[in-house]
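Asker: No letters, just coordinates:
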């Protein structure tokens, strides 16, 4: 049921192709996010339909208004005549002696009914007019109904509601009078309802009666307009509700997917991903609002008025559709240009965010090196690119409506001339002429508005393409199906010929690295900057896929176990302490969200963080601020250490997290770590000798390769690289 209903919704966009980049296929996919909110969507669509019906009714009401104000027969006579013509299969008109040619000298026949046309079928009696069968012919004047001399409106009324055969007395201009007996056809349910409705409206032919009829008609029209405007209010409001909820669902799905994407994706361009959350989502919201408020409503409005125009003159109305293919081709060409320009624009927004973020984060360096003008010129270059795309889209959007208006006028001008010719030759009355003109405007106005909606839908389509490109990208967990969880470490960890290269890098960051670690060992990893220390330890929790080789835990390849079970065994303390814009309590409990308050405080004390947390207003419930802006570097690192202590994972990865901690705090932290590291497997990346002094073994790396392993004394004696590091780096850092 759900898929069927959703497919009905998707069919509202008149696009059938499915070629990438050429259709609304991404926008159609967006619509599936609205269906879960059908309790708002269905009422919104109903309100849109009501709004379209009332719009058509407002346009169509011009004809009855003009009938009351201008025509001799008035509103009631017009309805009665149509019912009578339908039943008797003929056309009537009121003959006005003052305007028409005289029938006979001295005859005053104002207000008589004149037979204009009789429908005669070719040998099929069911298609023959009862008037023709009775002996009436075109041009005859009907004088009396059942022997009574009545005006045209009354006669129309009696013919429309007759249930039994009746007599019509007539005068034939070519000579001869007579009386015929007419057997009327059956009165359909539709026309019966129309007669009951019109009889509820006060009638009459005097000026006072017509004024009263006009007031009632206008009052009914006002009610229709009120209903239509109320429907419009609710339609637009409910559309916003549906679209807001759909965009929320889409953003949540995208965020959930982004959190599962490989870390390598974020090392390439984080700002572009952020731009998709903000700028692309804003384009999608605007496009979906225009779709429901305009792209659905306007065609319905045009359809209703189009049906009225068909009823008035179907041949000429269909002739107007000749220009529709031209408009379709025009929209497609312009839409393609807008879609491509908007995609470039959205990519440019991501580049702008990248530039802004790097400049604002590095503002101290910018000012210290007086590079303000350089950064300004860099952003100006990006802004000019954005400006070009915005101008291109602006020109196309500005061109759309004038082109549509010009084409519409070019198609409409000959039609107006044709209608005017009919009016001048008395083949059409003024009311019909004016109503058809208004119907043409009523059809054109929605088309004109759609010309402005189409570019917005293309912009949303381009944004949706970028959103779904992200959502459809592979995640880290795609290959976890069927893999077993990793049991807690029992024996040790082994690196076997591990090689890894960053995307677009010329050389591997880690090359043919092999090393074994026993459970409970503390391994210190040292080496020059860029030697691959951090990269190596990033491979253990599978932050990046290996080019070749294996990493084993208790003989089990970590690539063959579930990712979550692997990472649950790891606590990581990074060199740049990551603090989230949340409370200090939540930051410490980040790896163990169900931790009790006592456990959080105990972990903070072991990391020597409790002493400064208690002094902060709000204590553990105080908000750390963006990137921990309200905390010093040392405080941020101690909170990160408390987080790792609380998680209590069997494997610890410690990436020189004491670089911004004073000597006394560092000493206390090492004391806490000595207790914390008992019976725990740990990897420590350090630049201070005090950090690695108590390690069970030291691993020396250079250019991604394993150079040497051993204790400090042996390495100092046998490894020149380690000796140089000790003399130039470790001792200086400790001082």
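Answerer: Perfect, I can see it now. For clarity, every value in this text was computed on a predicted model and none was experimentally measured. Residues are numbered from 1 along each chain as shown.
Asker: Please, where are all the strands along the stretch 101-250 of the chain?
Answerer: 112-118, 141-145, 148-149, 166-171, 177-182 (DSSP state E, counting those that start in this stretch).
Asker: Not counting its own residues, what contacts the last one?
Answerer: If you take CB atoms under 8 Å, 6 or more residues apart in numbering as the criterion, strand 177-182 is touched by 88, 130-131, 134-136, 143-144, 159, 165-172. Where C-beta positions appear, they are placed from N, C-alpha and C, glycine not excepted.
Asker: Buried subset of those residues as a PyMOL selection?
Answerer: Restricted to buried positions by 16 or more other CB atoms under 10 Å, the PyMOL selection for the contacts of strand 177-182 reads:
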select buried, resi 88+130+131+134+136+143+144+159+166+168+169+170+171+172
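Asker: how about the residue nearest to the spatial centre of the chain, what does it touch?
Answerer: Residue closest to the average C-alpha location in the chain (CA atoms, centre = their mean): residue 284, at 3.6 Å. Residues in contact with residue 284 (CB under 8 Å, 6+ apart) are 30, 247, 250, 460, 463, 464, 467.
Asker: Now the third one. Nearest residue, chain neighbours left out?
Answerer: What it means is residue 250. residue 33 (5.3 Å; CB to CB, 6 or more residues apart in numbering).
Asker: Just give me the neighbour total for that neighbour.
Answerer: 20 (other CB atoms under 10 Å).
Asker: ok, the nearest residue in space to residue 489 that is not next to it in sequence - contacts?
Answerer: Nearest residue to residue 489 in three dimensions, chain neighbours excluded: residue 650, at 5.1 Å (CB to CB, 6+ apart). Contact analysis of residue 650 by CB under 8 Å, 6+ apart lists 488, 489, 519, 569, 680, 681.
Asker: which one among these gets closest to residue 293?
Answerer: residue 569 (52.8 Å; CB to CB).
Asker: Was I right to think the closest one contacts residue 647?
Answerer: No - taking contacts as CB atoms under 8 Å, residue 569 lies outside contact range of residue 647: 9.9 Å.
Asker: Give me the secondary structure label for residue 572.
Answerer: strand (DSSP: H, G, I helix; E, B strand; the rest coil).
Asker: Number of residues surrounding it?
Answerer: 24.
Asker: in the sheet, who's paired with the nearest residue to it once chain neighbours are set aside?
Answerer: Leaving aside its chain neighbours, residue 572 sits nearest to residue 653 (4.6 Å; criterion: CB to CB, 6+ apart). Residue 653 has the following beta-bridge partners by DSSP bridges: residue 572, residue 683.
Asker: Renumber starting at 359 from here on
Answerer: Sounds good: first residue 359 from here, last item residue 1011.
Asker: Run a quick neighbour tally on residue 1011.
Answerer: Residue 1011: 22 neighbours (other CB under 10 Å).
Asker: pLDDT wise, what is it at?
Answerer: Model confidence at residue 1011, given as pLDDT, is 89.
Asker: residue ranges for the strands of the stretch 809-958 of the chain, please.
Answerer: Under DSSP E, counting those that start in this stretch, the stretch 809-958 of the chain gives strands at 850-858, 868-876, 880-884, 906-911, 914-915, 928-931.
Asker: and the fifth one, which strands flank it?
Answerer: Right, the one you point to is strand 914-915. strand 906-911 (antiparallel).
Asker: just the second one next, same as before
Answerer: Taking DSSP bridges as the criterion, strand 868-876 sits next to strand 850-858 (antiparallel) in its sheet.
Asker: domain parsing for the chain?
Answerer: Domain assignment of the chain by automatic domain parsing yields the ranges 360-390+619-829, 428-571.
Asker: Flag whichever of those domains has the least confidence on average.
Answerer: domain 360-390+619-829 (a mean of 68).
Asker: Kindly reformat the strands of the stretch 809-958 of the chain as CSV containing mean pLDDT and distance to residue 638.
Answerer: Converted to CSV, those look like this (pLDDT from 0 to 100; distance: least, CB to CB, whole Å):
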stretch, mean pLDDT, distance to residue 638
strand 850-858, 93, 32
strand 868-876, 93, 36
strand 880-884, 90, 41
strand 906-911, 93, 37
strand 914-915, 92, 39
strand 928-931, 86, 32
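Asker: Can you tell me which of those strands is nearest to residue 1083?
Answerer: strand 880-884 (5.9 Å).
Asker: Give me the residues contacting the closest one.
Answerer: Counting by CB under 8 Å, 6+ apart, 875, 891, 894-895, 1035, 1039-1045, 1049-1050, 1052-1059, 1080, 1083, 1088 sit against strand 880-884.
Asker: how far off strand 850-858 does it point, in degrees?
Answerer: Here the directions of strand 880-884 and strand 850-858 differ by 20 degrees (axes from the mean of the first three to the mean of the last three CA atoms, to 10 degrees).
Asker: Please compute how far strand 880-884 lies from its chain's middle.
Answerer: 51 Å (CA atoms, centre = their mean, to the nearest Å).
Asker: one step back: so how far is residue 595 from the residue nearest to residue 608?
Answerer: Distance, residue 391 to residue 595, using CB to CB, to the nearest Å: 19 Å.
Asker: Then residue 823?
Answerer: From residue 823 across to residue 595, the span is 29 Å (CB to CB).
Asker: what's the answer for residue 608, then?
Answerer: Relative to residue 595, and taking CB to CB, residue 608 is found at 20 Å.
Asker: do residue 927 as well
Answerer: Taken as CB to CB, the span from residue 927 to residue 595 is 51 Å.
Asker: ditto for residue 585
Answerer: From residue 585 to residue 595 the distance is 16 Å (CB to CB).
Asker: before we move on, what about residue 879?
Answerer: 65 Å.
Asker: From the neighbour counts alone, determine which of those two ranks first.
Answerer: Using other CB under 10 Å as the criterion, residue 879 and residue 595 rank with residue 879 on top: 17 against 13.
Asker: The more buried one: what's it in contact with?
Answerer: By CB under 8 Å, 6+ apart, the neighbours of residue 879 are 850, 1039, 1040, 1054, 1055.
Asker: Ramachandran angles for residue 952?
Answerer: Main-chain torsions, residue 952, degrees, to the nearest 10: phi -90, psi 10.
Asker: What about it, how many residues nearby?
Answerer: Residue 952, neighbours per other CB under 10 Å, totals 6.
Asker: Span of stretch 540-560 from start to end?
Answerer: 29 Å (CA to CA, to the nearest Å).
Asker: Go ahead and confirm residue 620 touches residue 835.
Answerer: No - counting by CB under 8 Å, residue 620 does not reach residue 835; the two are 10.2 Å apart.
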